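K.L.:
Got a predicted structure plus its sequence, pasted below:
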Amino acid sequence: NAGVTQTPKFRVLKTGQSMTLLCAQDMNHEYMYWYRQDPGMGLRLIHYSVGEGTTAKGEVPDGYNVSRLKKQNFLLGLESAAPSQTSVYFCASRRQDYNSPLHFGNGTRLTVT
Amino acid sequence: RKEVEQDPGPFNVPEGATVAFNCTYSNSASQSFFWYRQDCRKEPKLLMSVYSSGNEDGRFTAQLNRASQYISLLIRDSKLSDSATYLCVVLQHGNSGYSTLTFGKGTMLLVSP
């Protein structure tokens, strides 16, 4: 039971570099989410998807792009990384029904220097 | 008023103590409620859903008070391993069919020997 898998677990980027974070879930969940978590800020929603081929902006979408070409995968891209994007990123998924909880991946710890 | 509020703590309790956390929410249309546990530098993990009639899972009891718009989590016979941050999550079902999830910033619990 893999659940939600995120890769990579850690990454260090230089300002201006790009990267893609991959999230994969094997639970056939419709909804997928990307969050970032910073000290004192709690979890903040970056982007989310309600199904294959759909994406939408969350609370803090600037500087990020996402794609959901397959139902099981949700990619988060940073085109030109900035130090303000140093954070821990969590992917999550859930079923469509309203009482379904979120299932989180293990997180990606990103440092931008 | 913030949408979902929690006392950040920390709550320092000895082993064996009973401790309770509250989480208040501002949107009266909120429909589903969850408690998550997050260990340092790890992903949030579902502790329990909160049902209207209240529910219990071992040493943990969750209650919902819709009139006063808060949920609570009671931990009996605290263990050292209960030390963590406890996140409250509130779900509102939207008109478009999409549900909005709002996280509290968490309450830190420290259980000492």
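P.N.:
Yep, that arrived.

K.L.:
Can you tell me which helices and strands the helix or strand of chain B with the lowest mean pLDDT packs against?
P.N.:
Counting by mean pLDDT, DSSP states H and E, the weakest-scoring helix or strand in chain B turns out to be strand B:99-103, with a mean of 85. Counting contacts by 3 or more Cβ pairs under 8 Å, 6 or more residues apart in numbering or on different chains; DSSP states H and E, strand B:99-103 is packed against strand A:42-49, strand B:84-93. Where C-beta positions appear, they are placed from N, C-alpha and C, glycine not excepted.

K.L.:
at 10 Å what do you get?
P.N.:
strand A:31-38, strand A:42-49, strand A:87-94, strand B:4-6, strand B:30-38, strand B:84-93 (3 or more Cβ pairs under 10 Å, 6 or more residues apart in numbering or on different chains; DSSP states H and E).

K.L.:
mind putting those strands in CSV, mean neighbour count and mean pLDDT included?
P.N.:
Putting the helices and strands packed on strand B:99-103 into CSV (neighbours: other Cβ atoms under 10 Å in any protein chain shown; pLDDT from 0 to 100) gives the following:
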stretch, mean neighbour count, mean pLDDT
strand A:31-38, 22, 96
strand A:42-49, 21, 94
strand A:87-94, 24, 97
strand B:4-6, 20, 94
strand B:30-38, 21, 93
strand B:84-93, 22, 92
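
K.L.:
Can I get these in a markdown table including distance to residue A:57?
P.N.:
Putting the helices and strands packed on strand B:99-103 into a markdown table (distance: least, Cβ to Cβ, whole Å) gives the following:
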| stretch | distance to residue A:57 |
| --- | --- |
| strand A:31-38 | 11 |
| strand A:42-49 | 6 |
| strand A:87-94 | 16 |
| strand B:4-6 | 20 |
| strand B:30-38 | 22 |
| strand B:84-93 | 18 |
